[in-house]
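> Show me the folded form of this:
(chains A and B)
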Number of protein chains: 2
Amino acid sequence: MTTATAPRLTAKGAATRARIVAAAADLVLARGVGGTSLDDVRAGTLTSKSQLFHYFPGGKTELVMAIATYQFERVLQAQRPYLETLDTWADWDGWRDALLAHYGTQPHWGCPVGTLVGELTGTDPVAAAQVAGHLDSWCGYLRDGLRRMRDSGLLRRDADPDRLALAVFASVQGGLLLTQATRSIEPLSAALDAALTALHAAAPTPPRS
Amino acid sequence: MTTATAPRLTAKGAATRARIVAAAADLVLARGVGGTSLDDVRAGTLTSKSQLFHYFPGGKTELVMAIATYQFERVLQAQRPYLETLDTWADWDGWRDALLAHYGTQPHWGCPVGTLVGELTGTDPVAAAQVAGHLDSWCGYLRDGLRRMRDSGLLRRDADPDRLALAVFASVQGGLLLTQATRSIEPLSAALDAALTALHAAAPTPPRS
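As a prediction, this is how the structure comes out:
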């Protein structure tokens, strides 16, 4: 949707737009979408009204969608290289550690993508659908890894990779929500450990490693 | 905190206040805290400005806290009687089914308590702390049940009930976030099944029932 409404930009223009998105993302992280007006973004990014309209002709929805994509890409980046190579139990442990390291530095923020769901569902269905798509893409990496592990025999033939991926991803999102509520990384850590325990329970007996 | 600022009310006054809270809770569920102004609440509840101030002298924070408590109590009620008696594996299965039945009728709303975390953390620390307290109380029921199950031998002596409770509760919250994003109860169902698998993995071998 973003590309459909965004203007063609010069390299300098694209850099300016990216700067606005990054700064606005911080505002939304701190105050929520509802607590961040376009006036706040203008003030926080030293941007004029006409500039903001130039870069985001679709208004707040377009800006929010750009923020969601920006945060989504950052969160994926923090999980690399494990995210694309969840082929062994050691990969899952590495992924777990990468998540804890990333969010451990900012436990009070929760997940900058997941927190958008609650805010946008009732107020901005277009942006909410985009965020749901990001979450599905994220979960898709877990799904793909678990399918490969079933194919390679690390999971039982009767394991359901799609359902297991949903469960692990729910543990990530719920762990982050509780991490934000408690300002401690412990809920995410406990949630990931239990999720990995559930995955191991879907391995053949005795488990291979 | 609510009782500290709320005025003494007659029975009729208390009923009016409760009616405003229930109606405002629906508005916040649909639009989020940031998307719901006191003007919206006045219009949605046919209440005058002075009436609203009479019932909520602490303003929006007090109203939001009353809404959070109202939703918290509703969510606990939906999990009864299992919530207080999570003493056997059958109790956990009953609790799981009660959660799925409750949220299955309203998958697009997510958790009316959990969704407040992301919105309030940066904008209203007082209300955010109250919501965090509600979440901890909710998780406390799971914790207490798992402690009793360890004491009765249904969990191993080396099991960590507090950490397991956090993990199960994260599955509930994350499952509900993804249920809201996808408008399907499947993520909550998958998350709860995996959480219960992780609990069973903490049972003595062979597991007792």
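> Skipping adjacent residues, who's closest to the one residue in chain A that gets nearest to chain B in space?
At 1.3 Å from chain B, A:Gly34 is the closest residue in chain A, using CB to the nearest CB. (Glycine included, C-beta is placed from N, CA and C.) In space, and not counting its chain neighbours, A:Gly34 is closest to B:Gly34: 1.3 Å by CB to CB, 6 or more residues apart in numbering or on different chains.
> The one you found: neighbour count?
19 (other CB atoms under 10 Å in any protein chain shown).
> Same check on A:His108?
Using other CB under 10 Å, the number of residues around A:His108 comes to 14.
> Pull up the per-residue confidence for it.
If you check A:His108, the pLDDT there is 76.
> need the contact list for it.
By CB atoms under 8 Å, 6 or more residues apart in numbering or on different chains, the residues touching A:His108 are A:Gln180, A:Arg183, B:Thr121.
> and the last one, what does it touch?
Put plainly, it is B:Thr121. A:His108, A:Gly110, A:Gln180, A:Ala181, B:Ala128.
> can you list the domains in chain A?
Following automatic domain parsing, one gets these domains for chain A: A:2-66, A:79-200.
> Nearest to B:Leu38, out of these?
Among the domains of chain A, domain A:2-66 comes nearest to B:Leu38, with 13.7 Å by CB to CB.
> chain center to that closest one: distance?
Offset of domain A:2-66 from its chain centre (CA atoms, centre = their mean, to the nearest Å): 19 Å.
> Quick one: mean pLDDT over that domain.
pLDDT averaged over domain A:2-66 gives 88.
> Regarding A:Val126, which helix or strand does it belong to?
helix A:125-151 (DSSP states H and E).
> average model confidence for that helix?
Per-residue scores along helix A:125-151 average to 97.
> Same check on stretch A:94-101?
Per-region confidence: stretch A:94-101 scores 96 on mean pLDDT.
> returning to what we had before: for the residue nearest to A:Gly34, grab phi and psi.
According to degrees, to the nearest 10, the main-chain angles of B:Gly34 amount to phi -60, psi -30.
> what's near enough to touch it?
B:Gly34 neighbours (CB under 8 Å, 6+ apart): A:Gly32, A:Val33, A:Gly34, A:Gly35, A:Glu119, B:Glu119, B:Thr123.
> which among those residues end up buried?
Neighbour counting with 16 or more other CB atoms under 10 Å in any protein chain shown marks A:Gly32, A:Val33, A:Gly34, A:Gly35, A:Glu119, B:Glu119, B:Thr123 as buried within the contacts of B:Gly34.
> My guess is the fifth one contacts B:Leu116. True?
This means A:Glu119. No: A:Glu119 is beyond contact range of B:Leu116, at 10.4 Å (criterion: CB atoms under 8 Å).
> I'd like the contacts of A:His108 as a markdown table, with pLDDT, secondary structure and distance to B:Arg19 appended.
Output for the contacts of A:His108, formatted as a markdown table (pLDDT from 0 to 100; DSSP: H, G, I helix; E, B strand; the rest coil; distance: CB to CB, whole Å):
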| residue | pLDDT | secondary structure | distance to B:Arg19 |
| --- | --- | --- | --- |
| A:Gln180 | 94 | helix | 32 |
| A:Arg183 | 92 | coil | 35 |
| B:Thr121 | 86 | coil | 29 |
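> quick check, nearest of the residues you listed to B:Trp92?
A:Gln180 (26.3 Å).
> I'd say that closest one and A:Thr115 touch.
Yes: using CB under 8 Å, A:Gln180 is in contact with A:Thr115, at 7.4 Å.
> anything in contact with each of these two?
Joint contacts of A:Gln180 and A:Thr115 (CB under 8 Å, 6+ apart) are B:Val117, B:Gly118.
> Run a quick neighbour tally on A:Gly110.
A:Gly110 has 23 neighbours, counted by other CB under 10 Å.
> Does chain B have contacts with the helix holding A:Val126?
Yes: for helix A:125-151, a contact with chain B is found by CB under 8 Å from any CB of the partner chain, at A:Ala128, A:Val131, A:Ala132, A:Leu135, A:Asp136, A:Cys139.
> May I ask which of those residues has the most neighbours?
Ranked by neighbour count (other CB under 10 Å), the residues of helix A:125-151 next to chain B have A:Val131 at the top, with 26 neighbours.
> residue contacts, that residue?
Taking CB under 8 Å, 6+ apart as the test, what A:Val131 contacts is A:Ala68, A:Val113, A:Leu116, A:Val117, A:Leu120, B:Ala181.
> Do I have it right that the second one meets A:Glu73?
No: here A:Val113 lies out of contact with A:Glu73, judged by CB under 8 Å, at a distance of 9.9 Å.
> How many residues are close by A:Ala78?
Around A:Ala78 there are 15 residues (other CB under 10 Å).
> quick one, what contacts it?
For A:Ala78, the contacting residues are A:Ala98, A:Leu99, A:Ala101, A:His102, by CB under 8 Å, 6+ apart.
> Tell me, how many residues neighbour A:Leu192?
Other residues close to A:Leu192 by other CB under 10 Å number 23.
> The one 3 residues further on too?
Look at A:Ala195: counted by other CB under 10 Å, it has 31 neighbours.
> what's the closest non-adjacent residue to it?
Spatial nearest neighbour of A:Ala195, chain neighbours left out: A:Ser171 (3.9 Å); criterion: CB to CB, 6+ apart.
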